[in-house]
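K.L.:
Everything below, folded, please.
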Amino acid sequence: MNEATNAIARLKSDIAAATRLLHAEGVLGYSGHIGVRLPDNSGILIQGFKDSRAELTPDEILTVGWDSEVIEGREGSRPPSETVIHTAILKARADVGAVLHCHPPSAILFTLIEDAPFVPVKNHAIRWRDGVPEHPDPGHISSQEQGAALAATLGRHNACLLRAHGAVLVADDARALLIDGIHFEENARALRDAMAIGKLRPLTEAEADLMAGSFNRDHHVAKLWAYYVGRGIKQGVLPESWRAAL
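P.N.:
So this is what the prediction gives:
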């Protein structure tokens, strides 16, 4: 394999592993997907429409162009109907390398009630300290117009909630999206539970600054990736044969 082929093979392995692990954590279910920008920016990598999130393999990852056309992949496989979520955001955000669309059950609750914004209450939720906007369209995001509107709602934020539907998170790569997806739903559960107990005390700006000043995201992602991959292999979520590639 040449260097470019090796890079794409690793990206496919990361997508498959992150997808299985997010499914095991309850962030992904029978739907949802990760899209990753190709190294040459010619399109994205994304799973096929019918492929199980619980059993996704690198061989099932499709190479898709910016108009959602399949460039390379298994014969008869097609990308998800909401692939435009990924292409629209990645076209709008040169700083983003990967997009997760998911339907985390606790986070979705914050699109269903009045006066309860999604705010950081867990320390690692400072990733979303600048806010989590809510996109008003609750339907499937399947047209170019819908994708562009969602990308506009997301703006420069790192996450966006979709009214009565789900969430979109952005990061550098699939490994970081695994960690963000887990932390996002953890924060939603903590926020829901805290609101049920008493008056909410979200992280203050000063507290968020303290956390940011002592936080090394690269080290954090690498540490948690190794943890979840190791646990996933032990629990049978990931095949032992994948260990060397991850």
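K.L.:
what's the helix or strand where E186 lies packed up against?
P.N.:
With elements taken from DSSP states H and E, the one containing E186 is helix 174-197. Helix 174-197 sits against helix 3-24, strand 33-37, strand 98-102, helix 105-108, strand 166-171, helix 217-235, with contacts defined as 3 or more CB pairs under 8 Å, 6 or more residues apart in numbering; DSSP states H and E. Just so you know, the C-beta spots here come from the backbone N, C-alpha and C atoms, and that holds for glycine as well.
K.L.:
Nearest the geometric middle of the protein, what residue?
P.N.:
Closest to where the C-alpha atoms of the chain average out (CA atoms, centre = their mean) is L100, at 2.5 Å.
K.L.:
So it sits against I182, correct?
P.N.:
No: using CB atoms under 8 Å, L100 is not in contact with I182, being 10.8 Å away.
K.L.:
Next, show the common contact partners of these two.
P.N.:
When CB atoms under 8 Å, 6 or more residues apart in numbering defines a contact, the residues bordering L100 and I182 alike are L22.
K.L.:
Give the buried residues for the lowest-mean-pLDDT helix or strand in the chain.
P.N.:
Comparing helices and strands within the chain by mean pLDDT, DSSP states H and E singles out helix 205-213 as the least confident, with a mean of 92. For helix 205-213, a neighbour-count test (16 or more other CB atoms under 10 Å) marks A208, M211 as buried.
K.L.:
go on, stretch 70-82?
P.N.:
Of the residues in stretch 70-82, those buried under the neighbour-count criterion (16+ other CB under 10 Å) are V70, G73, R78, P79, P80, E82.
K.L.:
Which two of those residues have the greatest separation?
P.N.:
Pairwise distances across the buried residues of stretch 70-82 peak at 17.1 Å for G73 and E82 (criterion: CB to CB).
K.L.:
ok, back up a step: show me what the least confident helix or strand of the chain is in contact with.
P.N.:
For helix 205-213, contacts defined as CB under 8 Å, 6+ apart pick out P120, N123, H124, I126, R129, L203.
K.L.:
Run through the residues that contact the third one.
P.N.:
When you say that, I think you mean H124. For H124, the contact set (CB under 8 Å, 6+ apart) comprises H183, E186, N187, M211, F215, H220.
K.L.:
And it, what's its pLDDT?
P.N.:
With respect to pLDDT, H124 scores 93.
K.L.:
Same check on the last one?
P.N.:
At L203, the predicted lDDT confidence score is 91.
K.L.:
Need the three-state assignment for it.
P.N.:
In terms of secondary structure, L203 is coil; the call rests on DSSP: H, G, I helix; E, B strand; the rest coil.
K.L.:
With adjacent residues omitted, what lies nearest to it?
P.N.:
Here the nearest residue to L203 in space, its sequence neighbours aside, is P120; by CB to CB, 6 or more residues apart in numbering that works out to 4.7 Å.
K.L.:
Next step: the buried residues of stretch 70-82 restricted to strands.
P.N.:
Using DSSP state E, V70 are the members of the buried residues of stretch 70-82 that sit in strands.
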